[in-house]
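Peer 1: got a predicted structure here, sequence first:
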Amino acid sequence: MSDRLSVFKTYKLYVGGKFPRSESGRVYEVTDSKGNWLANAPLSSRKDARDAVVAARKAFGGWSGATAYNRGQVLYRVAEMLEGRKEQFVREVAEAEGLSKAKAAAVVDAAIDRWVWYAGWTDKIAQVVGGANPVAGPYFNLSSPEPTGVVAVLAPQDSSFLGLVSVIAPVIATGNTAVVIASEKAPLPALSLGEVLATSDVPGGVVNILSGATAELAAPLAAHQDVNAIDLAGADEALAKELEIAAADNLKRVLRPQPVDHTATPGIDRMTAFLETKTVWHPTGALGASGSSY
Amino acid sequence: MASLFEYAPAPESRAVVDIAPSYGLFIDGEFTEAADGKVFKTVSPSTEEVLSEVAQAGEADVDRAVKAARKAFEKWSALPGSERAKYLFRIARIIQERSRELAVLETLDNGKPIKETRDADLPLVAAHFFYYAGWADKLDHAGFGANPAPLGVAGQVIPWNFPLLMLAWKIAPALATGNTVVLKPAETTPLSALFFADICRQAGLPKGVVNILPGYGDAGAALVAHPDVNKVAFTGSTAVGKQIARTVAGTSKKLTLELGGKGANIVFDDAPIDQAVEGIVTGIFFNQGQVCCAGSRLLVQESIQDELLDALKRRLSTLRLGDPLDKNTDIGAINSAEQLARITALAEKGEAEGAERWSPACELPSSGYWFAPTLFTNVTQAHTIARDEIFGPVLSVLSFRTPDEAVAKANNTQYGLSAGIWTEKGSRILAVANKLRAGVVWSNTFNKFDPTSPFGGYKESGFGREGGRHGLEAYLDV
């Protein structure tokens, strides 16, 4: 019996809930850590980035308007779907990062657990960072966190899956939508994550994943007037500065690159970086000396 | 108005404030001349009288002040929080004691009515110091983890519309969290910050913890760019805010920006009309409309537009414009000739673009910088006066038919600082407040402030929040 010829996978982008090729028709060669060919990944264009922003903006109203409980359910569903496809991700992460199978398995487990962790945050973050303010006067006011909008996310370059999940989950847990640029040299786990998100009740457009040259794709996103924030995790120092300058044009919220241990439990910083605080005031009645005023 | 309701003049006495003919920069606990000896004059906007001559900080002075703040940081940040708290409580108390003096001073230097400095600015200034004083020894409980650390030297640049209040918003949280400060007040309103330097002296605040550098934009730019500044806080125009964001790009400096606004004040058909009218007046004519969160766009439901406008015009006809030191004055002077020119130009553009201009009968004083309260009707969303921040007593009126349309129009702006909602229906308040992209939403009230309540904008109104627990974050290493 001859060996069966395996079926290769055509890796595609994930934009607006669909799996397009790059509109440019370009691809680039992705290799494993030893230089062996793995796949041809889409080399996204600036147009792909702009299309992804349109999709993310379109999805923002529904996703930010969903109940926090519902968002938690959806994020947990992502963990469920990943658990079922663990083998695939272990293989992809091992190839992408040159890890042993055991180490890659630990990374994938951690990434799945991270979705669960953030799933639990969706309906708690408002209680932790919001609250009622004791105003000195006959007024009542409440401060509540709200998502800032469309967030461009430059995924970490070296942690192709755990790092990727660690930057996507906090952004969408709070109701933002995301345009993600996958690790430039190891984009395959990210592109496969798109397939998981598509089957996890995540509405189309909430997460959009692009592969290609980080610097080329990040430039139009940092300058885009309809992008509200940018996470520079995957940028080197020079690129980060350039993008931060471009981001000033519409005063995007900028999360600068910083050393992160993705294996440690994350704090809430990656969530609060992309939240606005809204304070709503209303008069209260006050009982005067002469009787009721309400 | 008919003579039946003429008011006798009721001027507040100037005798409570003693303005020196000249002031220096306040660096390392001492008043000092600028390195290059430059000075500038500060005038009273209501009379154009020169109030004092003030040293003008340059780059060398910024460097000197940052060095002083850096030196002071070591000891100040190492103080137990409870000790820092006591300094801030002292400052709060001294401000309360000297409140009348400072109110008169602020009115003279800024041009705003004494009733506003006396009843709004100064009580809030003291309250901010009092509020943040209490945080200084409780930072472990603020929700930013255990042992949150200060950042270092804070470079702070503040505007001229609320000179002392903006100083309080910046300095109180900075000191409570253990940072030291170099603050640049605006060139048209440097005096109350220099009086504050004297309050620091009275409070026995260690030298170098607070440094005050009166000056122009170049001094602010030098402060923001100084390599030894760890934190930049700016309140002012969106254009300058963007420039500052570019300057700090690629550095480790933490940045908060409180910038412009074009707040929508939405009046639904079931709103309590008289209260709404008062709120509209407060929203746009408080401080001559020179307020970043001013309700400068009135969105009124079409079915009550005529009734509301009649009531509003009637109310505007009773506003009293004139001597800011008069206790009955509602509308004071515009802060500077430059600002007056900007307001004038934008109002003229409103007319040129086809909006209908209205002002109450109103006599403007012959000297000083004045602009009558002004209302524009027939305004569309495309009009410049509906889009650009005017920062003056100019209200643009637009109408809407449905709540959805109101929300869409309210959010149709690059800014996102404030909004107002007027309706008796609670569910509508909550639904609309939810959909408005603004950092502060006032329902059935407007322009209310409190030190416990975070303030700041969405979109191009800047980022970060001042006030409340949230305001601590800007000054902590979190």
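Peer 2: Nice, thanks for sending it over. Numbers count the residues shown, from 1 in each chain, chains lettered A, B, ... in the order given.
Peer 1: how about the contacts made by the closest residue to chain A within the stretch 201-350 of chain B?
Peer 2: Scanning the stretch 201-350 of chain B for the residue nearest chain A gives B:Gly250, at 2.9 Å (criterion: C-beta to the nearest C-beta). Yep, even glycine has a C-beta here, placed from its N, CA and C like the rest. Counting by C-beta atoms under 8 Å, 6 or more residues apart in numbering or on different chains, B:Gly250 makes contact with A:Glu237, A:Ala240, A:Lys241, A:Glu244, A:Ile245.
Peer 1: out of those, which are close to chain B?
Peer 2: Near chain B, judged by C-beta under 8 Å from any C-beta of the partner chain, the entries from the contacts of B:Gly250 are A:Glu237, A:Ala240, A:Lys241, A:Glu244, A:Ile245.
Peer 1: I figured the fourth one hits B:Ala249, correct?
Peer 2: Think A:Glu244. Yes: with contact taken as C-beta atoms under 8 Å, A:Glu244 and B:Ala249 are classed as touching, separated by 3.6 Å.
Peer 1: now for those two: what residues contact both?
Peer 2: Taking C-beta under 8 Å, 6+ apart as the criterion, A:Glu244 and B:Ala249 both touch A:Val254.
Peer 1: in space, what's closest to the residue nearest the centre of chain B - neighbours in sequence excluded?
Peer 2: Among the residues of chain B, the one closest to the centroid is B:Phe162, at 4.1 Å (C-alpha atoms, centre = their mean). Residue nearest to B:Phe162 in three dimensions, not counting chain neighbours: B:Asp121, with 6.2 Å by C-beta to C-beta, 6 or more residues apart in numbering or on different chains.
Peer 1: pretty sure the one you found contacts B:Val104?
Peer 2: No: at 11.5 Å, B:Asp121 does not count as touching B:Val104 under the criterion of C-beta under 8 Å.
Peer 1: of the two, who's got more company?
Peer 2: Each of B:Asp121 and B:Val104 has its neighbours counted (other C-beta atoms under 10 Å in any protein chain shown); B:Asp121 has more, 26 against 22.
Peer 1: any idea how far B:Gly283 is from that one?
Peer 2: Noted for B:Asp121: a distance of 17 Å to B:Gly283, by C-beta to C-beta, to the nearest Å.
Peer 1: what do you get for B:Gly111?
Peer 2: Distance from B:Gly111 to B:Gly283, by C-beta to C-beta: 19 Å.
Peer 1: then B:Leu223?
Peer 2: Plainly put, B:Leu223 is 33 Å away from B:Gly283 if you go by C-beta to C-beta.
Peer 1: so, in contact with chain B or not, stretch A:118-125?
Peer 2: No: Stretch A:118-125 stays clear of chain B (C-beta under 8 Å from any C-beta), getting no nearer than 11.5 Å.
Peer 1: just to revisit the earlier point, now, which of the contacts of B:Gly250 sits nearest B:Ser418?
Peer 2: The shortest approach to B:Ser418 among the contacts of B:Gly250 belongs to A:Glu244, at 27.1 Å (C-beta to C-beta).
Peer 1: list the contacts of that closest one.
Peer 2: Going by C-beta under 8 Å, 6+ apart, the list of residues near A:Glu244 reads A:Ala222, A:Leu232, A:Val254, A:Arg256, B:Ala245, B:Ala249, B:Gly250.
Peer 1: in which helix or strand does B:Pro159 reside?
Peer 2: B:Pro159 belongs to no helix or strand when assigned by DSSP states H and E.
Peer 1: for it, grab phi and psi.
Peer 2: Main-chain dihedrals, B:Pro159, degrees, to the nearest 10: phi -90, psi -180.
Peer 1: what about the residue nearest to it when sequence neighbours are not counted, how many neighbours?
Peer 2: In this structure, B:Pro159 finds its nearest non-sequential neighbour in B:Gly236, 4.7 Å apart by C-beta to C-beta, 6+ apart. B:Gly236 is flanked by 23 other residues according to other C-beta under 10 Å.
Peer 1: surely B:Gly236 meets B:Val157?
Peer 2: Yes: taking C-beta under 8 Å as the definition, B:Gly236 is a contact partner of B:Val157 at 6.8 Å.
Peer 1: for B:Arg118, see how far away the one residue in chain A that gets nearest to chain B is.
Peer 2: For chain A and chain B, the shortest gap (C-beta to the nearest C-beta) falls at A:Lys241, measuring 2.9 Å. Shown here: A:Lys241 relative to B:Arg118, a distance of 47 Å by C-beta to C-beta.
Peer 1: so for stretch A:151-169, mean pLDDT?
Peer 2: Averaged across stretch A:151-169, pLDDT comes to 98.
Peer 1: actually stretch A:268-286, sorry about that
Peer 2: Stretch A:268-286 shows an average pLDDT of 94 in the prediction.
Peer 1: list the buried ones in that stretch?
Peer 2: Neighbour counts over stretch A:268-286 (16 or more other C-beta atoms under 10 Å in any protein chain shown) mark A:268, A:270-283 as buried.
Peer 1: chain B next: which of these are close?
Peer 2: With the criterion set as C-beta under 8 Å from any C-beta, the members of these near chain B are A:Glu276, A:Thr277, A:Lys278, A:Thr279, A:Val280, A:Trp281, A:His282, A:Pro283.
Peer 1: turn those residues into CSV, columns for distance to B:Val267.
Peer 2: Output for these, formatted as CSV (distance: C-beta to C-beta, whole Å):
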residue, distance to B:Val267
A:Glu276, 25
A:Thr277, 26
A:Lys278, 20
A:Thr279, 21
A:Val280, 17
A:Trp281, 16
A:His282, 15
A:Pro283, 16
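Peer 1: widest-spaced pair of those?
Peer 2: Going by C-beta to C-beta, the pair spanning those furthest: A:Glu276 and A:Pro283, at 23.9 Å.
Peer 1: near chain A, which residues of the stretch 51-200 of chain B?
Peer 2: Proximity of the stretch 51-200 of chain B to chain A is confined to B:Ala127, B:Gly143, B:Gly145 under the rule C-beta under 8 Å from any C-beta.
Peer 1: most neighbours among the residues you listed, which one?
Peer 2: B:Ala127 (20 neighbours).
Peer 1: ok, that one - contacts?
Peer 2: If you count contacts by C-beta under 8 Å, 6+ apart, B:Ala127 has them with A:Ala136, B:Ala92, B:Asp450, B:Pro451.
Peer 1: quick one, grab the pLDDT at the residue nearest to the third one when sequence neighbours are not counted.
Peer 2: Using C-beta to C-beta, 6+ apart and skipping residues adjacent in sequence, the residue nearest B:Asp450 is A:Val135, 4.4 Å away. Turning to A:Val135, the model gives it a pLDDT of 97.
Peer 1: what of A:Asn176?
Peer 2: Per-residue pLDDT puts A:Asn176 at 98.
Peer 1: how many residues are close by it?
Peer 2: Per other C-beta under 10 Å, the neighbour tally for A:Asn176 reads 25.
Peer 1: looks to me like B:Pro40 is in a helix.
Peer 2: In this structure residue B:40 is Phe, not Pro. No: the assignment for B:Phe40 by DSSP: H, G, I helix; E, B strand; the rest coil gives strand, which leaves it out of any helix.
Peer 1: so what's it up against?
Peer 2: Listed by C-beta under 8 Å, 6+ apart, the contact set of B:Phe40 reads B:Glu53, B:Val54, B:Gln56, B:Glu187, B:Pro214, B:Tyr216.
Peer 1: pick out the most distant pair among those residues.
Peer 2: Among the contacts of B:Phe40, B:Glu53 and B:Tyr216 lie farthest apart (C-beta to C-beta), at 14.7 Å.
Peer 1: returning to what we had before: for A:Leu239, see how far away the residue of the stretch 201-350 of chain B closest to chain A is.
Peer 2: B:Gly250 sits 10 Å away from A:Leu239, going by C-beta to C-beta.
Peer 1: tell me what the one helix or strand B:Phe196 maps to is packed against?
Peer 2: According to DSSP H and E, B:Phe196 maps onto helix B:191-203. The contact analysis (3 or more C-beta pairs under 8 Å, 6 or more residues apart in numbering or on different chains; DSSP states H and E) places helix B:191-203 against strand B:25-27, strand B:50-55, helix B:81-97, helix B:99-110, helix B:163-176, strand B:210-212.
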